[in-house]
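Undergrad: next comes the sequence, and after it the predicted model I'd like to discuss.
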Amino acid sequence: MENQVITVRNLVKKFGSFIANDNLNFEVFKGEIFGFLGANGAGKTTTIRILSGLSAPTSGEVNVSGFDAYRQAEQIKRNIGYMCQKFSLYEDLTVKENITLFGGIYGMSRALIRTRTNELLERLHFHEYENRIIADLPLGLRQKLAFSVAVLHEPKIVFLDEPTGGVDPITRRQFWEMIYETAARGITVFVTTHYSDEAEYCERISIMSEGKIVALDTPENLKEKYAADSIEEVFIKIARPVNN
Amino acid sequence: MQKVIESAGIGKKFGVTQALKDISFSVNESEIFGFIGPDGAGKTTLFRIITTLLLPDEGEMKVLGMDCIAGFKELRKNIGYMPGKFSLYQDLSVEENLNFYATVFGTTVKENYDLIADIYSHIEPFKKRLAGKLSGGMKQKLALSCALIHKPKLLVLDEPTTGVDAVSRSEFWAMLAKLRQHNITILVSTPYMDEAMRCDRVALIQNGNILSIDTPQKIREGFSRKLFMVKANEKYKLITALRNYPETVTAYPFGDSVHVTFAGNQINDSLFAYLREAGLKNVTAEETVAGIEDRFLELMQKSDV
């Protein structure tokens, strides 16, 4: 289907005898907000690394924004956006320098970088900060900027790995409004979070447990299926069968 | 009742950044006291002052009746501290780490085993494994065991559940509740608002200021307006529409609904017509009870810090 930005068929990833991803099957559509949940160690990071061209699958079929994960990992990297809580921007570079650097990495022309930089600073009301170094910005502003930089090259899909961890409740909500706006522009948002209320903001969510996807549906349907009032309840019911 | 922590007017600056401003509070014996606030609020700075690792610029901090500066040597024997960043020796095994911490504090694992048994038994099968090779949940249990092995009177936990999934977080809080039987006072910080309900009392902290201190129940009751929960078929459209609705004072998304306050403190019939006109379907609206996060949002706006 032309609407699919991610297609995963029978994906298996092994590290030695350990099966990190055990026969995953799913697709993600254009402009969709897709929540990727699971307990720590369930295998989420492994999947995200494969989907972003950083790691090759052991077997199975993976296609991301039209490129094959085995043969076209470099094209995948150039055609996605990525942001995580820990690393997103260079702290000792200024706002403007970071934007220019990432634009260059994504292979954008100088003219295009200049135009997009202005648009970005305008949209975030960031002009007063353009020459400040990242280390001097409050966490909330930093995360908003990091997200904007991750979609600077207008990728088909952006991966957000716990983008709102530790962020204050107002900024967290402003961040989600940016996610909605981005999805409305047709960019697919693939997001992980430990805030259960944020899972409810997604259009569909998948829940991983011990390398497998144990649930995949809209938040409403999952709540109905597991007779739960919230996604947190669903999560506690199915995200971890047995543990130490 | 004896106070385990008494903080009076504590202030701390790093360069031009005022990390803590006039922080005053007290913690009672055997209490689970939570500091709830986002990154950068000042939680870690405050905890480092309480654990005698950092000197305050202003004010007085007394822990277990002793001054944090003059009594630091004695205090360190009685405080168990689990920093936010995993700080055990990654190249020592589980067992070696635990023995090491026991020895440093002049005790043995055997002597205080009953205190950690509940927690340590989960990782004991892996006692020969290097700490660096443990999963996140197991690291957390080992760090907690090491912080407890000298039977401290005060346990200080800096964001023990950050980045931890909902199931493991819930288990961790159950462990803390059990520790209370051993008369240990627990000071804990978290950025997750829902965890406030697990504490006896909490302080909401933002930008170095305490916004409120009380029991979680009282903090929720402090919400000053009537709060309504509105749902419809399209969430983003609903938020935008509610913001533009003339009666709306605040509108914030909460899970699958939007929490709204109205100028008249009630739902006007015009709301449904307004949302229908905005193209929304299946609209429901009812009064709801404010949670900790609702109150935090309200206090953040009031203080505008």
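TA: On my side now, so go ahead.

Undergrad: for residue A:146, list the residues it contacts.
TA: If you count contacts by C-beta atoms under 8 Å, 6 or more residues apart in numbering or on different chains, residue A:146 has them with A:83, A:88, A:89, A:163. All C-beta atoms are positioned from the backbone trio N, CA, C, and that covers glycine.

Undergrad: show the pLDDT at it.
TA: If you check residue A:146, the pLDDT there is 95.

Undergrad: looking at this, it is in a helix?
TA: Yes - under DSSP: H, G, I helix; E, B strand; the rest coil, residue A:146 falls within a helix.

Undergrad: which residue, other than its chain neighbours, is closest to it?
TA: residue A:88 (3.5 Å; C-beta to C-beta, 6 or more residues apart in numbering or on different chains).

Undergrad: what parts of chain B come near chain A?
TA: B:37-41, B:122-123, B:125, B:135-138, B:162-170, B:191-193, B:206, B:235-236, B:239, B:252-256, B:293, B:296-297, B:300-301 (C-beta under 8 Å from any C-beta of the partner chain).

Undergrad: go with 6 Å
TA: By the rule C-beta under 6 Å from any C-beta of the partner chain, the part of chain B lying against chain A is B:38-40, B:122, B:135-136, B:165-167, B:191, B:236, B:252-253, B:255-256, B:293, B:296-297, B:300.

Undergrad: what's the burial count for residue A:49?
TA: Neighbour count for residue A:49, taken as other C-beta atoms under 10 Å in any protein chain shown: 15.

Undergrad: same check, this time on residue B:121
TA: The burial count assigned to residue B:121 is 13, neighbours taken as other C-beta under 10 Å.

Undergrad: one more: residue B:89?
TA: Using other C-beta under 10 Å, residue B:89 has 14 other residues around it.

Undergrad: most neighbours out of the contacts of residue A:146, which is it?
TA: Per-residue neighbour counts (other C-beta under 10 Å) across these peak at residue A:163, which has 27 neighbours.

Undergrad: what are the phi and psi values at that residue?
TA: Torsion angles at residue A:163 (phi, psi; degrees, to the nearest 10) stand at phi -70, psi -20.

Undergrad: cool, residue B:37 as well?
TA: Backbone torsions of residue B:37, given as degrees, to the nearest 10, read phi 180, psi 160.

Undergrad: now it: closest residue in space that isn't a chain neighbour?
TA: residue B:205 (3.8 Å).

Undergrad: what about the strands in chain A?
TA: Ranges of strands in chain A, per DSSP state E, are A:4-15, A:18-29, A:33-38, A:59-64, A:67-68, A:80-84, A:157-161, A:188-192, A:204-209, A:212-217.

Undergrad: and for chain B?
TA: B:3-14, B:17-28, B:32-36, B:58-63, B:66-67, B:79-82, B:154-157, B:185-190, B:201-206, B:209-214, B:227-231, B:248-254, B:257-262, B:284-288.

Undergrad: what angle separates the last one from strand B:227-231?
TA: With axes from the mean of the first three to the mean of the last three C-alpha atoms, to 10 degrees defining the directions, strand B:284-288 sits at 150 degrees from strand B:227-231.

Undergrad: CA atoms of strand B:284-288 as CSV?
TA: C-alpha atoms of strand B:284-288 as CSV (Å, rounded to 0.1, in the frame of the first residue of the first chain):
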residue,chain,number,x,y,z
THR,B,284,-19.3,14.1,26.5
ALA,B,285,-18.6,16.4,29.4
GLU,B,286,-18.8,15.8,33.1
GLU,B,287,-17.3,17.1,36.3
THR,B,288,-14.2,15.3,37.6
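
Undergrad: partner strands of that strand and their direction?
TA: Its sheet considered, strand B:284-288 pairs with strand B:227-231 (antiparallel) by DSSP bridges.

Undergrad: do the same with the first one
TA: For strand B:3-14, the paired strands and their directions (DSSP bridges) are strand B:17-28 (antiparallel), strand B:58-63 (antiparallel).

Undergrad: could you do the shortest one as well?
TA: Using DSSP bridges, strand B:66-67 pairs in its sheet with strand B:58-63 (antiparallel).

Undergrad: next, count neighbours for the nearest residue to residue B:284 once chain neighbours are set aside.
TA: Nearest residue to residue B:284, sequence neighbours excluded (C-beta to C-beta, 6+ apart): residue B:231, at 4.9 Å. With neighbours defined by other C-beta under 10 Å, the count for residue B:231 comes to 16.

Undergrad: give me the angle between the longest helix that chain A contains and strand B:201-206.
TA: As assigned by DSSP state H, the longest helix anywhere in chain A is helix A:169-184. Interaxial angle of helix A:169-184 relative to strand B:201-206 (the same axes, to 10 degrees): 60 degrees.

Undergrad: buried residues in helix A:169-184?
TA: A:169, A:170, A:171, A:172, A:173, A:175, A:176, A:178, A:179, A:180, A:182, A:183 (16 or more other C-beta atoms under 10 Å in any protein chain shown).

Undergrad: so residue A:63 makes contact with residue A:7?
TA: Yes - at 4.5 Å, residue A:63 and residue A:7 qualify as touching, with contact defined as C-beta atoms under 6 Å.

Undergrad: neighbour count winner among the two?
TA: Using other C-beta under 10 Å, the more surrounded residue of residue A:63 and residue A:7 is residue A:63, with 18 against 15.

Undergrad: for that one, report the pLDDT, please.
TA: 97.

Undergrad: any idea what it is bridged to?
TA: Beta-bridge partners for residue A:63, by DSSP bridges, are residue A:7, residue A:68.

Undergrad: measure it to chain B for me?
TA: 28 Å (C-beta to the nearest C-beta, to the nearest Å).

Undergrad: mind listing what residue B:193 touches?
TA: Residue B:193 sits next to B:292, B:293 when contact means C-beta atoms under 6 Å, 6 or more residues apart in numbering or on different chains.

Undergrad: go again using 7 Å as the cut-off
TA: Neighbouring residues of residue B:193 by C-beta atoms under 7 Å, 6 or more residues apart in numbering or on different chains: A:169, B:36, B:292, B:293, B:296.

Undergrad: repeat for residue A:127
TA: Contacts of residue A:127 by C-beta under 7 Å, 6+ apart are residue A:121.

Undergrad: any weak-confidence spans in the chain?
TA: Reading this off chain A. Residue ranges of chain A with pLDDT under 70: A:1-2, A:87, A:241-244.

Undergrad: oops, I was thinking of chain B
TA: Scanning chain B for pLDDT under 70 picks out the ranges B:1, B:304-305.

Undergrad: what's next to stretch B:287-303, contact-wise?
TA: Outside stretch B:287-303, the residues that touch it by C-beta under 7 Å, 6+ apart are A:169-170, B:193, B:196-197, B:204, B:206, B:209, B:211-212, B:216, B:219-220, B:222-224, B:226-229, B:252, B:259.

Undergrad: let's see it at 8 Å
TA: Residues from elsewhere that reach stretch B:287-303 (C-beta under 8 Å, 6+ apart): A:168-170, B:36, B:193-194, B:196-197, B:202, B:204, B:206, B:209, B:211-212, B:216, B:219-224, B:226-229, B:250, B:252, B:254, B:259.

Undergrad: which of those are buried?
TA: Neighbour counting by 16+ other C-beta under 10 Å classes A:168-170, B:36, B:193-194, B:196-197, B:202, B:204, B:206, B:209, B:211-212, B:216, B:219-220, B:223, B:227-229, B:250, B:252, B:254, B:259 among the contacts of stretch B:287-303 as buried.

Undergrad: if we can go back for a sec, mind listing what the residue nearest to residue B:284 touches?
TA: Applying C-beta under 8 Å, 6+ apart, the residues near residue B:231 are B:238, B:256, B:257, B:258, B:282, B:283, B:284, B:285.

Undergrad: if anything else comes up later, I'll come back, but that's it for now.
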